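Peer 1: Provided below for reference: sequence and predicted model.
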Amino acid sequence: MTDHDLITRLQKIAGKRHVMTATSATQRFRKGFRSGEGAALAVVQPGSLLEQWQILQACVEADKIVIMQSANTGLTEGSTPKGSYDRGVVLINTIRMDQLQLIKDGEQVVSFPGATLFSLERLLAPLSRQPHSVIGSSSIGATVVGGVCNNSGGSLVERGPAYTELALYAQITADGTLELVNHLGINLGDSPEEILSRLEKGDYTADDVLDDNRVASDRDYIRRVRDIEADTPSRYNADPSCLHEVSGCAGKLAVFAVRLDTFAKNAEERTFYIGTDNTDVLTDLRRRVLGEFQTLPVSAEYMHEEVFDVSDRYGKDTMVMIDKLGTDRLPMFFALKGRVDGILKNVPGMRYFTDRFMQFTMKFWPDIVPERMRAYRAKYPHHLILKMHDGGINEARVMLEEMQVEGRLEYFECSPREAKMAGLHRFAAAGAAVRYMAVHANEVEDILALDIGLRRNDRDWFERLPEEITQHLVHSLYYGHLMCHVMHQDYVVKKGSDPKMVKQMMLDILDARRAEYPSEHNVGHVYMAKPELADFYKSIDPSNAMNPGIGKMSRKKNYA
């Protein structure tokens, strides 16, 4: 099959409108959220599960590489092409297939590959239930399936990595055969066409939904995170206990649907904003909460002063848009931004136009950081946003009052508005470094974005870099999930310095600390897949036809 024949066939399946081949049209799909970009023969957006199956059949028949992509919100280049390949690349973007089906009276959900965390959160709200993840990347349209494929952990202390053993997916075998595997736990028939058509129509009854020993969430995480004396991290992407079929597959399988648990909403929640000048105080707070509290926090988000400032200045537009427009409109904005960037990319002087324009307009917008947060920034280098629920609220009040009387920290209990803006300020940190690089392109070589799982018994968790590294950096941005000991560390590298050399020095330090990385964003094209993870990828994609090259593995057929 020639490339022309393949594209013609894809157009017949999905429609010409949903098959893009022009460089400018495909650029926003081929470029990662933070970094990474590569070539693709075509970008296809199927409108149904059956169309996705037929597209996969055509790509396998044409011996093409397939890269699965949903919202393209990943931070490690894992859902975009990069570098050269020995076969042509077809990128399948699944965002049109956004159906959600509630089962078991809403205690579980079946999610199609394009359904977002935000849409699931909205669907569950009338039932007083919540999805696995409710904070952070859901605001920019991250999908439910994307989270499962990357074992994303998020900020919720009681939930752990996104995980399920119940899924419907396609796999390419060692001899190049495409197979549909129904492990969704729902009786839908025998042939791929019948299975996919019945699922799309919701053509099944409660009697067709099976219950066995397979789980639809990580049931063991609370025990792991409470084990504060363990010499290993609570979660990290290469953890074999969380690698199962689509869970952690990172695009090495083509997912059609996953079945996941939902969770009852908390009756009451309160947010406490904490400032201190000593990280030992936060270490003691963490160990006391995990070791002694009857009720675990909803979340405990740490921010260092430097990331506070960068997020304040370069994430302001994100905070304003979410605050004023809501999260459901943000994906549309990012899609529009991607189109404009693609058109202007090669126009002299117009690269990063949208970032610079948004940054300029924010100079005229009033300050949106709450006054009490602003006052704490002037006094303290270390900040913690601690959200508690139900019985844990009073437990936190008692502990924080004791520690404040001792002069170890200062805190205030947030109003609903302060709690919202504190959460948005923390969320905006993830994209603020990217904006900084766009605005200061002449001063910045690159961004190193590391997400790290620290040992649960590590008391000295805050990083202090040697001068041989800091001399290469403009900013060191530290933020993360304190209770889980998962830290996000973004480094803005000075122009002229070698990012690869700096990164290796960073990783050497992490290896000496026996930290695991990455912890929740997955390897993508940024990290080396450790042997257990590489073996898992090879076992589920033996011909290396799906997303080759992730984990810095071979890009060639059969891993040659």
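Peer 2: Looks like it arrived, so ask away.
Peer 1: CA atoms for contacts and neighbours, from now on please.
Peer 2: OK.
Peer 1: surely Val369 and Met421 touch.
Peer 2: Yes. Val369 is within contact range of Met421, at 6.7 Å (criterion: CA atoms under 8 Å).
Peer 1: which one's more surrounded, those two?
Peer 2: Set side by side, Val369 and Met421 show more neighbours around Met421, with 21 against 16, by other CA atoms under 10 Å.
Peer 1: next, the buried residues of stretch 468-487.
Peer 2: Along stretch 468-487, these residues count as buried under the neighbour rule (16 or more other CA atoms under 10 Å): 470, 472-487.
Peer 1: I'd like the average pLDDT over it.
Peer 2: For stretch 468-487, mean pLDDT rounds to 95.
Peer 1: for that stretch, C-alpha coordinates in CSV please.
Peer 2: The C-alpha trace of stretch 468-487 is given here as CSV (Å, rounded to 0.1, in the frame of the first residue of the first chain):
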residue,chain,number,x,y,z
GLU,A,468,28.7,23.2,39.4
ILE,A,469,25.1,22.8,38.4
THR,A,470,23.5,26.1,39.6
GLN,A,471,25.9,28.0,37.4
HIS,A,472,24.0,26.6,34.4
LEU,A,473,20.5,27.5,35.7
VAL,A,474,18.3,30.6,35.5
HIS,A,475,15.7,29.1,37.8
SER,A,476,15.2,26.0,39.9
LEU,A,477,11.5,25.4,40.4
TYR,A,478,10.4,23.1,43.1
TYR,A,479,6.8,22.0,43.7
GLY,A,480,5.0,18.7,44.3
HIS,A,481,2.8,16.4,46.3
LEU,A,482,4.3,16.4,49.8
MET,A,483,2.5,13.4,51.4
CYS,A,484,3.3,11.1,48.4
HIS,A,485,6.8,12.5,48.3
VAL,A,486,6.5,13.1,44.6
MET,A,487,8.3,16.2,43.6
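Peer 1: and the contacts of the longest helix that the chain contains?
Peer 2: Scanning the chain for the helix with the most residues, using DSSP state H, yields helix 416-439. Helix 416-439 has contacts (CA atoms under 8 Å, 6 or more residues apart in numbering) with 34, 136-137, 271-272, 301, 303, 307-308, 310-312, 314-316, 318-319, 322, 352, 355-356, 359, 368-370, 373, 385, 444, 446-447, 490, 492.
Peer 1: follow-up on the earlier one: can you tell me which of the buried residues of stretch 468-487 are in helices?
Peer 2: Thr470.
Peer 1: looking at it, Met358 is touching Gly315, isn't it?
Peer 2: No. Look at Met358 against Gly315 with CA under 8 Å: they stay out of range, at 10.0 Å.
Peer 1: who has more neighbours out of those two?
Peer 2: Gly315 (27 against 15).
Peer 1: distance check, the more buried one against Thr143.
Peer 2: 22 Å (CA to CA, to the nearest Å).
Peer 1: quick one: stretch 500-514 to chain centroid distance?
Peer 2: From the chain centre to the centre of stretch 500-514 is a distance of 23 Å (CA atoms, centre = their mean, to the nearest Å).
Peer 1: for stretch 315-332, same thing?
Peer 2: That offset, for stretch 315-332, works out to 18 Å (CA atoms, centre = their mean).
Peer 1: and Glu532, what helix or strand is that in?
Peer 2: For Glu532, the host element (DSSP states H and E) is helix 531-540.
Peer 1: how about Ala300?
Peer 2: Per DSSP H and E: strand 299-304 holds Ala300.
Peer 1: next: Cys249.
Peer 2: Secondary structure (DSSP H and E) places Cys249 outside all helices and strands.
Peer 1: wait, it touches Asn150, no?
Peer 2: Yes. With contact defined as CA under 8 Å, Cys249 and Asn150 form a contacting pair (6.7 Å).
Peer 1: gap between the closest residue to Gln69 other than its chain neighbours and Ile103?
Peer 2: Excluding its sequence neighbours, the residue lying closest to Gln69 (CA to CA, 6 or more residues apart in numbering) is Asn93, at 4.7 Å. Distance of Asn93 to Ile103, given as CA to CA: 26 Å.
Peer 1: thinking again about what came up before, between Cys249 and Asn150, which has more neighbouring residues?
Peer 2: Asn150 (27 against 23).
Peer 1: could you pull up the contacting residues of that one?
Peer 2: Here Asn150 is in contact with Ala162, Asn237, Ser247, Gly248, Cys249, Ala250, Glu520, His521, Asn522 (CA under 8 Å, 6+ apart).
Peer 1: what of Phe353?
Peer 2: Applying CA under 8 Å, 6+ apart, the residues contacting Phe353 are Asp341, Leu344.
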